[in-house]
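>>> any chance you can model this:
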Amino acid sequence: MLIGHATGTSNAAVFLSEYLKTHHPETFQRVVATETADLSALTEPEIEEIAKKHLPPLV
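Below is the predicted model:
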């Protein structure tokens, strides 16, 4: 999962995702989601909530 701060082309997570897609497709296949969030105020529990939206529950 990639979490970036800005929107559009200034979002580093989106840029990284596109770079991986082009140059490292085997790594790109492991990216399950790209999210945008205010990284300056993001807490660990909030990161966990973002992850839970995209990952299957642990058994």
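>>> residue 18: which element?
When secondary structure is defined using DSSP states H and E, the element that contains residue 18 is helix 12-23.
>>> check which residues of that helix are buried.
For helix 12-23, the buried set under the neighbour-count rule, 16 or more other C-beta atoms under 10 Å, comprises 13, 14, 15, 16, 17, 20. Heads up, the C-betas are built off the backbone N, CA and C, glycines and all.
>>> please apply the same query to stretch 22-41.
For stretch 22-41, the buried set under the neighbour-count rule, 16+ other C-beta under 10 Å, comprises 34, 36.
>>> do the same with stretch 43-50
Along stretch 43-50, the positions that meet the burial threshold by neighbour count (16+ other C-beta under 10 Å) are residue 50.
>>> what mean pLDDT would you report for that stretch?
Along stretch 43-50, the predicted local confidence has a mean pLDDT of 92.
>>> give me the contact list for it.
Contact with stretch 43-50 is made by 1, 3, 35, 37, as judged by C-beta atoms under 8 Å, 6 or more residues apart in numbering.
>>> quick one: secondary structure of residue 53?
Judged by DSSP: H, G, I helix; E, B strand; the rest coil, the three-state class of residue 53 is helix.
>>> from residue 46, how far out is it?
Taking C-beta to C-beta, to the nearest Å as the measure, residue 53 and residue 46 are separated by 11 Å.
>>> distance between the helix holding residue 18 and the chain's centre?
The chain centroid and the centroid of helix 12-23 are separated by 11 Å, computed with C-alpha atoms, centre = their mean, to the nearest Å.
>>> could you say what helices and strands it packs with?
Counting contacts by 3 or more C-beta pairs under 8 Å, 6 or more residues apart in numbering; DSSP states H and E, the secondary-structure elements packed against helix 12-23 are strand 2-4, helix 25-28, strand 34-36.
>>> how about those, which one is nearest residue 42?
The closest of the helices and strands packed on helix 12-23 to residue 42 is strand 2-4. By C-beta to C-beta, the value is 7.5 Å.
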